[in-house]
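Undergrad: Need a 3D model of the following:
(one chain, ligands or ions: 3)
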Amino acid sequence: MSKDYDEYDTLIIGAGIAGIEAALTLGDSGRNVLLVEESPTVGGKMAQLSKVFPTLDCSACIATPKMASVVYHPNVTLLSYSSIDEVIKQDEADFRAKITMKPKYVEWDDCTGCSLCEMACPVIVSDEYQYHMRGRKAVYIAFDIAVPKKSVVDIENCIFCGACEKACPTSAINFLQKAVTKKVRVKSVLLTTGFELFDATLKPDFGYGQSKNIITAMQMDRLLAPTRPYNTVQRPSDGKEPGKIAYLYCVGSRDKTVGNELCSQICCMYSIKQSQLILGALPLADVFSFYIDIRAQGKGFEEFYQQAKDMGAFFIKGRIMYVDEEENGDVLVKYEDIDDGGKIKEEAFDLVVLAVGLWPSIAGIANVFKNVQLETDEIGWVECPLCNPVETNVPGIFAAGCVTGPKDIPDTIVEANAAVSQCLAYIETHNGE
Ligand SMILES: Cc1cc2nc3c(=O)[nH]c(=O)nc-3n(C[C@H](O)[C@H](O)[C@H](O)COP(=O)(O)OP(=O)(O)OC[C@H]3O[C@@H](n4cnc5c(N)ncnc54)[C@H](O)[C@@H]3O)c2cc1C
Ligand code: SF4
Ligand code: SF4
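TA: Ligands and ions are numbered 1, 2, ... in the order given. Coordinates of the predicted model:
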């Protein structure tokens, strides 16, 4: 094989919990894995969550040991802050890929993660990890529990003042760094690029973007997490501790008007989880859920729902007509109450949380496959046969986790390991091993 190509058994695209789990299992079985992640850190959404349903275990406590193991695994090479330019299927068990490692403007071998550059930087921009509820600097470590814990310079917002260079004790800042392209040959490909959140501004009746006190459930998970933006749950407009909170379910799910009739599967459960966490964090608060159906199918899920009711959470069956901000920042919710004869009612809340659905994130990656066409369903999730939920239409390319459709963490982990077994079978069949 030409020296132009570095060789690996499997290319895994996306280092959320699906990609991490698959890389660890493949690595443990002696296979060489190339794990490519577009953000500076591994972990995906799981690293951003507070606790997980239905056990209320700390999400970071489960995720971080796996994040560290994958980064330091002898059989796993991680390229973070990198993007896939193209993948060409040359033959069975022979894929050629081009990957661009974006410049971080920080020499990671020298960066100790001390954050002195961050403290010196005068530029503050919105922090995407905290879902824009706080600022970050132009040179920054992705988040407190990032792995690897290294800085990157956000060059678009940098004013080149040089303060970070002066502050760095190891002279790690390097504005001359350039993008590097890497060519690899792999025997199989595993897609684990996960999901995006439904863009709630596409449902203007729910008021997202019109009132600061209407937030998404991902923002609430951040407010409840140990690495949260503030040290309590507060509403964005004035920092008031909310006494009355409404959850509006199925935003962007089971909704023909946005082209998504699918149930997002996890929104009922994460809302029930957050209700319990809020009742623990703010004992005087009242938490109301406005739902179409409670879909609590899964081991321990129904009990978890009943537990929320026992703790004092209120559940109202009925659709939302509209929400509107009042002068004092409270949010008026107009809804139907099906259990009260379908009466139309109005109630004001300090804070409204939208249980946004899951949306495919495949758009950015589907086009990199140059001579094969990866099939997706009408919504955009990677298509897999019912009897083999990790197999794509292209032999040798497998998929696991939320890239194939909404699912929770345990199902994601099961799929990651199923995909590993199929990668191994494919490699052994086509490689004559
Ligand atoms: C508000 C909320 C609360 C939740 N709470 C729970 C809970 O309590 N319990 C539970 O079981 N589940 C929960 N979930 C679901 C959980 O987040 C998912 O099951 C899990 O994150 C799926 O993991 P994944 O690896 O498939 O995807 P992701 O977590 O989305 O990871 C995908 C990774 O791929 C990377 N990537 C994407 N595109 C590319 C590309 N082109 N190139 C390279 N890398 C790329 C991303 O940066 C990311 O790191 C919750 C979800 C939400 C939205
Ligand atoms: S770049 Fe330098 S100052 Fe910034 S975290 Fe790394 S070692 Fe510390
Ligand atoms: S050079 Fe850029 S990243 Fe460094 S401190 Fe100045 S603005 Fe921040």
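
Undergrad: from here on, contacts and neighbour counts on C-alpha atoms
TA: Will do.

Undergrad: near ligand 2, which residues of this protein?
TA: When proximity is defined by CA under 6 Å from any ligand atom, the chain lies next to ligand 2 at 106, 111-117, 150-151, 167-170, 172-173.

Undergrad: State which strand of the chain is the longest.
TA: Longest strand of the chain, by residue count under DSSP state E: strand 180-191.

Undergrad: what's the following helix or strand after that one?
TA: Per DSSP states H and E, the first helix or strand lying C-terminal to strand 180-191 is strand 195-197.

Undergrad: Quick one: residues in contact with that next one.
TA: Residues outside strand 195-197 that contact it (CA atoms under 8 Å, 6 or more residues apart in numbering): 356-362, 402-403, 405-406.

Undergrad: Over to stretch 345-355?
TA: With contacts defined as CA under 8 Å, 6+ apart, stretch 345-355 is touched by 200, 206, 213-217, 220, 235, 242-251, 267-268, 271, 329-337.

Undergrad: Give the buried subset of those residues as a PyMOL selection command.
TA: With 16 or more other CA atoms under 10 Å as the burial test, the buried ones among those are selected in PyMOL as follows:
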select buried, resi 200+206+213+214+215+216+217+220+235+242+244+245+246+247+248+249+250+251+267+268+271+329+330+331+332+333+334+335+336+337
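
Undergrad: Following the chain past the helix or strand bottoming out on mean pLDDT in the chain, name the next helix or strand.
TA: None of the helices or strands of the chain scores lower by mean pLDDT, DSSP states H and E than helix 363-366, at a mean of 81. Per DSSP H and E, helix 363-366 leads on to strand 397-399 as the next helix or strand towards the C-terminus.

Undergrad: how far off strand 180-191 does the helix or strand that that following strand is followed by point, in degrees?
TA: Tracing the chain past strand 397-399, the next element assigned as helix or strand by DSSP H and E is helix 409-430. Helix 409-430 and strand 180-191 are oriented at 100 degrees to each other (axes from the mean of the first three to the mean of the last three CA atoms, to 10 degrees).

Undergrad: by contact count, what packs against helix 409-430?
TA: helix 17-28, strand 180-191, strand 397-399 (3 or more CA pairs under 8 Å, 6 or more residues apart in numbering; DSSP states H and E).

Undergrad: Next, format those as CSV and append distance to Asp9, mean neighbour count and mean pLDDT.
TA: Output for the helices and strands packed on helix 409-430, formatted as CSV (distance: least, CA to CA, whole Å; neighbours: other CA atoms under 10 Å; pLDDT from 0 to 100):
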stretch, distance to Asp9, mean neighbour count, mean pLDDT
helix 17-28, 9, 25, 98
strand 180-191, 5, 22, 98
strand 397-399, 12, 27, 98
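
Undergrad: For those, give me JSON lines that also has distance to ligand 3.
TA: Output for the helices and strands packed on helix 409-430, formatted as JSON lines (distance: least, CA to the nearest ligand atom, whole Å):
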{"stretch": "helix 17-28", "distance to ligand 3": "30"}
{"stretch": "strand 180-191", "distance to ligand 3": "21"}
{"stretch": "strand 397-399", "distance to ligand 3": "37"}
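
Undergrad: Is it possible to get JSON lines of these that adds distance to Ile278?
TA: Shown next, in JSON lines, are the helices and strands packed on helix 409-430 (distance: least, CA to CA, whole Å):
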{"stretch": "helix 17-28", "distance to Ile278": "25"}
{"stretch": "strand 180-191", "distance to Ile278": "35"}
{"stretch": "strand 397-399", "distance to Ile278": "35"}
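
Undergrad: And the ones you listed: which comes nearest ligand 1?
TA: helix 17-28 (3.8 Å; CA to the nearest ligand atom).

Undergrad: Kindly report the residues of the stretch 101-250 of the chain close to ligand 1.
TA: Checking the stretch 101-250 of the chain against ligand 1 by CA under 6 Å from any ligand atom, the hits are 192-195, 217-218, 221.

Undergrad: Farthest pair within the contacts of strand 195-197?
TA: Spatially, the most separated pair among these is Val356 and Ile362, at 18.2 Å (CA to CA).

Undergrad: before we move on, the earlier item: counting only helices, which of the contacts of stretch 345-355 make the cut?
TA: Here DSSP state H is the test, and the contacts of stretch 345-355 give 217, 220, 267-268, 271 as lying in helices.

Undergrad: for Ala217, what are its contacts?
TA: 270-271, 353-356.

Undergrad: which of these tops the neighbour count?
TA: Counting neighbours by other CA atoms under 10 Å, Ala355 comes out on top of these with 30 neighbours.

Undergrad: How about that one: what's its closest non-neighbour residue?
TA: Nearest-residue entry for Ala355: Tyr249, 4.9 Å, with adjacent residues in sequence omitted and distances by CA to CA, 6 or more residues apart in numbering.

Undergrad: Repeat that for Gly27.
TA: If the residues on either side of it in the chain are set aside, Gly27 comes closest to Asn75, at 5.0 Å by CA to CA, 6+ apart.

Undergrad: That neighbour and Ser29 touch, don't they?
TA: No: the pair Asn75 and Ser29 does not pass the contact test of CA atoms under 8 Å, sitting 9.2 Å apart.

Undergrad: And those two? Which one has more around it.
TA: Counted by other CA under 10 Å, Asn75 and Ser29 do not tie: Asn75 has more neighbours, with 20 against 12.
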